[in-house]
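Participant: Predicted structure and sequence below. I'll ask about it afterward.
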Amino acid sequence: MNYWLVKSEPFVFSFADLEREGRTMWEGVRNYTARNNLRAMRNGDLVLFYHSNEGLEIVGIATVIKESYPDPTAEKGDWSVVDLAPVKRLQNTVPLSVIKATPALQEIGLVRQGRLSVMPLQPEEFQAILQMADTSI
DNA sequence: GCCAACGTTGGC
DNA sequence: GCCAACGTTGGC
């Protein structure tokens, strides 16, 4: 089991959209590091869902339901997508400001590499965030 | 709206 | 292969 975090601008695609649609193809990643992270995802991995630009907080948990395949929206280049489904909304959302103020979370990509849109999480980071969210799987 | 961080592109 | 110029992301 691996743990991940993905970012989405909620006015483009929000966690509520994911819940409404039941599943989604995580398309449009055009960064090699992020793409390689998508390719390392396995069915059943858990994915925290972060709202960037607006909200600036982790709002929910998703899971990988289809491992990487070629991005049909890519006109050129070697890009990948995975399919995600919602697991549950967090009881309490976890804001970036709180994450930044939490010593145990100083190493996560959200803090260290602000622009990366798909990043791995250490199991203990994932668990710490769930605890802060008062949420269990 | 600004700007820092960082990735990509292209000239040499 | 280096590096300057440029584009994009995303927090503030």
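Facilitator: That came in fine, so what should we check first? Numbering: from 1, shown residues only, chains lettered A, B, ... in the order given.
Participant: For the residue lying closest to residue A:94 once chain neighbours are set aside, which three-state class applies?
Facilitator: Counting by Cβ to Cβ, 6 or more residues apart in numbering, residue A:58 is the residue found nearest to residue A:94 once chain neighbours are left out, at 4.4 Å. Any C-beta I mention is one placed from the backbone N, CA and C, and that applies to glycine too. With DSSP: H, G, I helix; E, B strand; the rest coil as the basis, residue A:58 sits in strand.
Participant: Mean pLDDT per helix and strand in chain A: which one sits at the bottom?
Facilitator: Least confident helix or strand, chain A: helix A:109-112 with a mean of 86, by mean pLDDT, DSSP states H and E.
Participant: Report the buried residues of it.
Facilitator: A:109-110 (16 or more other Cβ atoms under 10 Å).
Participant: Same question for stretch A:37-45.
Facilitator: So stretch A:37-45, judged by 16+ other Cβ under 10 Å, has buried residues A:37-38, A:41, A:45.
Participant: sec struct for residue A:74, please.
Facilitator: coil.
Participant: Quick one: neighbours of it, just the number.
Facilitator: When neighbours are counted by other Cβ atoms under 10 Å, residue A:74 registers 15.
Participant: That one - nearest residue in space that isn't next to it in sequence?
Facilitator: Excluding the flanking residues, the one nearest residue A:74 by Cβ to Cβ, 6+ apart is residue A:30, at 7.8 Å.
Participant: just residue A:56 next, same as before
Facilitator: Nearest one to residue A:56, counting by Cβ to Cβ, 6+ apart, is residue A:96 at 4.6 Å.
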